[in-house]
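1. Structure of the sequence below:
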Amino acid sequence: MRLLRIIWVVTRFRLDTLIPLDRLPWWLRLCLRLSPLRLVPIGRHSRGERLRLALETLGPIFVKFGQMLSTRRDLLPPDIADELKRLQDQVPPFPGADAVALVEEELEMSLTEAFASFDTTPLASASIAQVHAARLHGGEDVVVKIIRPAIDRVMRQDMALMYRVAQVLARVPEAKRLRPVEVVRDYESTLFDELDLHKEAANTSQLKRNFKNSPILYVPAIHWSLTRKRVMVQERIHGVPVADLDALKAQDTDLKKLAERGVEIFFTQVFRDNFFHADMHPGNIFVARGNPQDPQYIAIDCGIVGSLTREDQDYLARNLLAFFHQDYYEVAALHIESGWVAEDTRANEFAAAIRAVCEPILEKPLKDISFGQVLLGLFQTARRFNMEVQPQLVLLQKTLLNIEGLGRQLYPDLDLWSTAKPYLERWMKERAGPSGLWESLKRQAPELTRQLPELPVLAHQMMSRSELERQQRRRQAESLVGMRRQLVSSSRGARRLRLGVLLLAAALAWQPLLGWALQQPWPVVAVAALGVLLLAWH
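-> A predicted model of the protein is given here:
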């Protein structure tokens with residue numbers, strides 16, 4: 001029935017028209033041309049609108065997929081990406097009675113034992129979970145996040161169908177470049193991680209610890225005693241939604257400082273902590289009401305987080321600084337050195353391609369330059385040189401685009417480049433300077449301390465191993481010399497044996513051979529004698 005419903009939605013919104021027919025195999029192209037789908041009118045909606053409406057009709061999982069896909073502007077035409085961006089997080093809630101039953105099942109206690117009060121009407125409802133207001137017996141206001149009942153079963157069915165569609169699309173040359181199976185696989189991994197609220201709670205605690213007592217970011221606390229895999233209880237916050245500009249202006253918020261602090265938070269998470277909130281859309285960000293002239297962000301919903309290896313951190317920072325200085329050859333060399341593109345790529349050709357994309361952008365005034373679009377242009381150029389999609393960088397790009405869009409919404413004259421450049425330069429100096437070296441030594445000190453007493457033993461073992469290897473090489477050389485002598489001796493013995501056999505045979509056959517030779521012409525006798533000499537010599 002689910003498959004039939006999907007087919008009906010595909011037919012209703014004529015999603016078949018999104019497939020480039022000229023790039024399909026002839027048999028599939030023929031099937032689509034003769035399909036009854038072509039009898040259904042397309043309607044007045046654009047292709048992007050039809051795709052968005054179809055995903056909304058199919059339900060929460062497809063809505064979530066559309067939201068994720070909208071961040072992959074490197075894979076989609078602009079009109080479709082812009083339309084998918086309009087997908088909303090709000091979906092119809094499930095009944096409050098079901099929420100109560102699920103909470104009691106997970107906590108293994110009645111609702112009145114766990115909470116002094118519980119509002120069965122949800123505060124918000126998203127594709128994976130919904131949130132209810134509650135109050136603890138101690139008087140503290142909290143929110144209870146509850147995973148939708150039976151959502152995992154529906155998700156697995158829908159993911160199986162998505163894989164089948166992706167496998168079909170992977171056979172289309174134009175779609176194959178987009179790697180649809182890998183896109184669905186990445187989506188599946190992210191989606192199923194969000195079903196485990198223990199992971200989200202752990203991410204939230206880590207982010208709160210990273211910004212403990214910070215004046216720029218506050219993260220609400222988790223109540224671990226009431227948190228389970230499908231239920232999470234968190235401190236309730238009462239901030240202003242960051243997208244509510246009227247409310248922020250009404251309380252006289254310093255919007256310039258607020259926008260700049262958003263950039264600072266992002267780069268602090270990426271480079272200082274190597275742990276960044278990767279779902280920073282406006283619905284997950286609030287602004288504290290306490291001191292609008294010294295504004296503080298509040299972050300919720302840490303279900304999706306990202307991190308980079310130390311190598312990726314270094315290469316990313318150096319790439320961005322090279323962009324600031326418009327040193328495209330350095331950008332190309334860093335991509336090759338990091339393995340993001342093939343090592344046989346010619347750096348000068350890659351640099352020329354990057355220059356062609358970025359120079360028109362970088363000629364604009366700094367405040368008009370989109371940092372995220374520059375990064376997007378870099379990835380698109382690198383793909384022409386067979387750059388593999390780096391999942392951690394795609395997640396970072398998505399987060400950066402969200403942060404930049406939010407910052408420009410708050411303060412249109414935000415100069416992201418001049419805000420980020422000093423931070424990156426300071427981070428690189430700290431990383432490569434004396435303080436960075438000292439921090440690295442302190443980090444490795446426990447391991448070095450543990451290994452230090454073992455150094456004499458390790459040195460002795462190394463010297464013993466070296467001596468053993470030298471003796472083995474000497475014995476192998478002596479064995480080879482002996483084998484060579486044996487081969488020479490065997491060869492000489494075999495030659496003498498053959499000569500002896502020939503002489504014996506000649507002696508035994510001398511009389512018949514002599515009679516035969518007297519009857520033959522002399523050239524025949526000469527050739528036979530030559531053959532005997534050659535056999536004896538061999």
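2. Now stretch 265-285: buried residues?
-> For stretch 265-285, the neighbour count (16 or more other Cβ atoms under 10 Å) marks 265-271, 275-281, 283-285 as buried. To be clear about C-beta, it is placed using only N, CA and C from the backbone, and glycine gets the same treatment.
3. Among those residues, which lie within helices?
-> I265, F266, F267 (DSSP state H).
4. For the stretch 101-250 of the chain, which segments are assigned as strands?
-> Assigned by DSSP state E, counting those that start in this stretch, the stretch 101-250 of the chain shows strands spanning 117-118, 124-125, 129-135, 141-147, 217-218, 231-235, 240-241.
5. do you know which of these lies nearest S418?
-> strand 217-218 (21.5 Å; Cβ to Cβ).
6. Pull the residues that contact that closest one.
-> F211, I237, I265, A288, Q296, Y297, I298, A299 (Cβ atoms under 8 Å, 6 or more residues apart in numbering).
7. Now do that strand: distance to the chain's middle.
-> The chain centroid and the centroid of strand 217-218 are separated by 27 Å under Cα atoms, centre = their mean, to the nearest Å.
8. can you check stretch 150-159 too?
-> With Cα atoms, centre = their mean, you get 23 Å for stretch 150-159.
9. picking up where we left off before, least reliable of the strands of the stretch 101-250 of the chain by average pLDDT, please.
-> If you rank the strands of the stretch 101-250 of the chain by mean pLDDT, strand 124-125 sits at the bottom with a mean of 82.
10. Partner strands of it, with direction?
-> strand 129-135 (antiparallel) (DSSP bridges).
11. Now tabulate the contacts of strand 217-218 in TSV and tack on pLDDT.
-> Listed next are the contacts of strand 217-218 as TSV, based on pLDDT from 0 to 100:
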residue	pLDDT
F211	94
I237	91
I265	89
A288	92
Q296	93
Y297	93
I298	94
A299	92
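12. Report how many residues lie close to N291.
-> Counted with other Cβ atoms under 10 Å, residues neighbouring N291 total 12.
13. Mind checking what secondary structure it has?
-> Of the three states, N291 takes coil under DSSP: H, G, I helix; E, B strand; the rest coil.
14. Distance check, it against W427.
-> Separation of N291 from W427 (Cβ to Cβ, to the nearest Å) stands at 28 Å.
15. Now the helix or strand where N402 lies: average pLDDT?
-> Using DSSP states H and E, the element containing N402 is helix 391-410. If you average the pLDDT over helix 391-410, you get 71.
16. now N203, nearest residue through space, not along the chain?
-> The shortest distance from N203 to any non-neighbouring residue, by Cβ to Cβ, 6 or more residues apart in numbering, is to C302 (4.0 Å).
17. Please name the residues that touch the one you found.
-> E200, N203, T204, L207, V219, H277, D279.
18. Just flag the most distant two among these.
-> Longest span within the contacts of C302, Cβ to Cβ: V219 and D279, 13.6 Å.
19. picking that back up, let me have the strands of the stretch 101-250 of the chain in JSON lines, adding distance to S225 and mean neighbour count as columns.
-> Output for these, formatted as JSON lines (distance: least, Cβ to Cβ, whole Å; neighbours: other Cβ atoms under 10 Å):
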{"stretch": "strand 117-118", "distance to S225": "16", "mean neighbour count": "15"}
{"stretch": "strand 124-125", "distance to S225": "24", "mean neighbour count": "16"}
{"stretch": "strand 129-135", "distance to S225": "14", "mean neighbour count": "21"}
{"stretch": "strand 141-147", "distance to S225": "12", "mean neighbour count": "21"}
{"stretch": "strand 217-218", "distance to S225": "22", "mean neighbour count": "22"}
{"stretch": "strand 231-235", "distance to S225": "8", "mean neighbour count": "23"}
{"stretch": "strand 240-241", "distance to S225": "29", "mean neighbour count": "17"}
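20. Could you pick out which of the contacts of strand 217-218 are located in helices?
-> Secondary structure from DSSP H places I265 of the contacts of strand 217-218 in helices.
21. Which one of the contacts of strand 217-218 is nearest to R346?
-> I265 (38.8 Å).
22. what sits opposite the nearest residue to the closest one once chain neighbours are set aside in the beta ladder?
-> Excluding the flanking residues, the one nearest I265 by Cβ to Cβ, 6+ apart is L217, at 5.3 Å. Listed by DSSP bridges, the beta-bridge partners for L217 are Y297.
23. close enough to count as contact, I146 and A99?
-> Yes - shown here, I146 and A99 form a contact pair, counting by Cβ atoms under 8 Å, at 5.2 Å.
24. Need the overlap of contacts for these two.
-> Common neighbours of I146 and A99 are listed as Q130, H132 (criterion: Cβ under 8 Å, 6+ apart).
25. Verify the stated contact: I265 with P295.
-> No - using Cβ under 8 Å, I265 is not in contact with P295; the gap is 11.5 Å.
26. With adjacent residues omitted, what lies nearest to L226?
-> V233 (4.0 Å).
27. for the one you found, what are its contacts?
-> A134, V142, V143, V144, K145, I222, H223, L226, T227.
28. doesn't P122 make contact with the third one?
-> What that stands for is V143. No - V143 lies out of contact with P122 (Cβ under 8 Å); the separation is 9.9 Å.
29. what do these two both touch?
-> Joint contacts of V143 and P122 (Cβ under 8 Å, 6+ apart) are V131, H132.
30. Of the contacts of strand 217-218, which pair is most distant in space?
-> Spanning the widest gap among those are I237 and I265, at 16.2 Å by Cβ to Cβ.
31. if we can go back for a sec, pick the one among the contacts of V233 closest to S46.
-> K145 (35.7 Å).
32. Quick check: the gap between that closest one and S189.
-> Counting by Cβ to Cβ - K145 and S189 are separated by 21 Å.
33. biggest helix in the chain, by residue count?
-> helix 455-508.
34. for that one, what is the average pLDDT?
-> 72.
35. what's the answer for stretch 357-373, then?
-> 66.
36. What is the burial count for M462?
-> With other Cβ under 10 Å as criterion, M462 counts 10.
37. can you pull the contacts of I237?
-> With contact set as Cβ under 8 Å, 6+ apart, I237 has these partners: Y218, P220, F286, I298, I300.
38. and which of those residues is nearest to V10?
-> Of all these, V10 sits closest to I300, with 35.3 Å by Cβ to Cβ.
39. Who are the contact partners of the closest residue to the closest one other than its chain neighbours?
-> Counting by Cβ to Cβ, 6+ apart, I300 lies nearest to N284, which is 5.4 Å off, once chain neighbours are set aside. N284 makes contacts with H277, A299, I300, D301, as judged by Cβ under 8 Å, 6+ apart.
40. Make CSV out of those and add distance to L410.
-> As requested, the contacts of N284 are exported to CSV (distance: Cβ to Cβ, whole Å):
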residue, distance to L410
H277, 17
A299, 15
I300, 18
D301, 20
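41. Among the residues you listed, give me the pair with the biggest separation.
-> Based on Cβ to Cβ, the longest span within the contacts of N284 runs between H277 and I300 and measures 9.4 Å.
42. roughly how far is the longest helix of the chain from the heart of the chain?
-> Using Cα atoms, centre = their mean, the offset of helix 455-508 from its chain centre is 56 Å.
43. swap in stretch 129-144?
-> With Cα atoms, centre = their mean as the basis, stretch 129-144 stands 35 Å off its chain's centre.
44. again, but for stretch 204-222
-> Worked out by Cα atoms, centre = their mean, stretch 204-222 lies 25 Å from the chain centre.
45. Report the backbone C-alpha coordinates of that stretch in CSV.
-> The C-alpha trace of stretch 204-222 is given here as CSV (Å, rounded to 0.1, in the frame of the first residue of the first chain):
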residue,chain,number,x,y,z
THR,A,204,24.1,18.6,24.1
SER,A,205,26.2,17.9,27.2
GLN,A,206,29.4,18.1,25.2
LEU,A,207,28.5,21.4,23.6
LYS,A,208,27.4,22.8,27.0
ARG,A,209,30.7,21.8,28.5
ASN,A,210,32.6,23.4,25.6
PHE,A,211,30.8,26.7,26.3
LYS,A,212,30.6,26.6,30.0
ASN,A,213,30.1,30.1,31.5
SER,A,214,30.4,31.6,27.9
PRO,A,215,28.9,35.0,27.4
ILE,A,216,28.1,34.2,23.7
LEU,A,217,26.4,30.8,23.8
TYR,A,218,24.1,29.1,26.3
VAL,A,219,23.1,25.4,26.0
PRO,A,220,20.3,24.1,28.2
ALA,A,221,21.0,21.3,30.6
ILE,A,222,20.0,17.6,30.2
